[in-house]
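>>> model the structure of this input:
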Amino acid sequence: MAYTKSETAYIKAIKLKPDFYDAQLNLASLYFNSAVPITLKANGLPLEQKELYDKLVAEANKYYSLCIAIFKEI
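Now for the predicted structure:
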């Protein structure tokens, strides 16, 4: 819930003031920080759980992609 509210607030702030660097950085940080625990969980899996590993990596990569997209705009 806090994630959704934060994401919404940052996006709204960026729409109101596109050069608001703090909101852009905070949104990118939100996405990056969401990906890290997923990546750590994937990296801790045994080799036999390749399917779950691939699923978790794909989920983390969605957040990383969102983060990178913001930095390309800055």
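>>> from here on, contacts and neighbour counts on C-alpha atoms
OK.
>>> residues touching the spatially most central residue of the chain, list them.
Closest residue to the average C-alpha location of the chain: Y31 at 2.0 Å, with CA atoms, centre = their mean. Taking CA atoms under 8 Å, 6 or more residues apart in numbering, we find Y31 in contact with Y63, Y64, L66, C67.
>>> please report how far the last one lies from L25.
In this case it means C67. 9 Å (CA to CA, to the nearest Å).
>>> same drill for those two, tell me which one is more crowded.
Legend: neighbour count by other CA atoms under 10 Å for C67 and L25, higher for C67 (22 against 16).
>>> tell me the contacts of the more buried one?
L27, A28, S29, Y31, F32.
>>> where's the fourth one relative to Y53, distance?
Here the criterion is CA to CA. By it, Y31 lies 20 Å from Y53.
>>> same check on K17?
From K17 to Y53 the distance is 39 Å (CA to CA).
>>> name the residue in these two with the higher neighbour count.
A direct count of neighbours by other CA under 10 Å for K17 and Y53 places Y53 higher, at 20 against 11.
>>> hmm, what's the outermost residue in the protein?
E48 (27.0 Å).
>>> okay, E73: pLDDT?
For E73, the pLDDT comes out at 76.
>>> meant to ask about Y31
With respect to pLDDT, Y31 has a value of 97.
>>> any buried residues in the helix or strand containing it, and which?
Assigned by DSSP states H and E, Y31 belongs to helix 21-43. Neighbour counts over helix 21-43 (16 or more other CA atoms under 10 Å) mark 23-25, 27-28, 30-32, 34-35, 38-39, 42 as buried.
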